[in-house]
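Colleague: how would this look folded up:
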Amino acid sequence: MLSPAHRLRTSDDIRTTTRRGRRAGSRTVLAYVRLDARSPQDPVRAAFIVGKQVGDAVTRNTVKRRLRALVAGRLDSLPGGTDIVIRALPASARKSSAELAPDVDQVLSRLCTAPASP
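Modeller: The predicted model follows:
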């Protein structure tokens, strides 16, 4: 579970992150990251988007819980002040947490270590 300090809550913050942030994807997730969103002393904040294409309400909530747990375990390894939005793709509905973990790790490592685009 993400503590309230680690939640990206407002639609404006989510929209800004998806529009201005860097993007990377895999077969199951698409991630948007803004490394310079706030001060480096601020906590990492995350939001999750799981649309109807993923499945019915039960499936969407299951996928969201899995993604939330995976990201919560990785917050300490990310730079402070970072905003993250994870969008679940339809293939994520058929994956377990263990199968989603490499995809989440892959996109986060690409976005948090690669140099920014000009």
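
Colleague: in this structure, what residue spans correspond to strands?
Modeller: Per DSSP state E, the chain carries strands over the ranges 22-25, 29-34, 45-50, 83-88.

Colleague: of these, which approaches residue 94 most closely?
Modeller: strand 83-88 (11.4 Å; CB to CB). C-betas here are computed from N, CA, C, even on glycine.

Colleague: next, the angle from that closest one to strand 29-34.
Modeller: 170 degrees (axes from the mean of the first three to the mean of the last three CA atoms, to 10 degrees).

Colleague: which strands or helices does strand 83-88 pack on?
Modeller: When contacts are defined as 3 or more CB pairs under 8 Å, 6 or more residues apart in numbering; DSSP states H and E, strand 83-88 packs onto helix 11-20, strand 29-34, strand 45-50, helix 57-72.

Colleague: and the third one, how far out from the chain's middle?
Modeller: With CA atoms, centre = their mean, to the nearest Å as the basis, strand 45-50 stands 5 Å off its chain's centre.

Colleague: average pLDDT across it?
Modeller: The pLDDT scores in strand 45-50 average 95.

Colleague: which strands or helices does that strand pack on?
Modeller: Partner elements for strand 45-50 (3+ CB pairs under 8 Å, 6+ apart): helix 11-20, helix 57-72, strand 83-88.

Colleague: who does the shortest one pair up with?
Modeller: Right, strand 83-88. strand 29-34 (antiparallel), strand 45-50 (parallel) (DSSP bridges).

Colleague: pipe those into JSON lines and attach mean neighbour count and distance to residue 83 per row.
Modeller: Below are these laid out as JSON lines (neighbours: other CB atoms under 10 Å; distance: least, CB to CB, whole Å):
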{"stretch": "strand 29-34", "mean neighbour count": "23", "distance to residue 83": "5"}
{"stretch": "strand 45-50", "mean neighbour count": "22", "distance to residue 83": "5"}
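
Colleague: can you put those strands in TSV and add distance to residue 98?
Modeller: Output for these, formatted as TSV (distance: least, CB to CB, whole Å):
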stretch	distance to residue 98
strand 29-34	14
strand 45-50	18
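
Colleague: looking at the ones you listed, which is closest to residue 99?
Modeller: strand 29-34 (11.2 Å).
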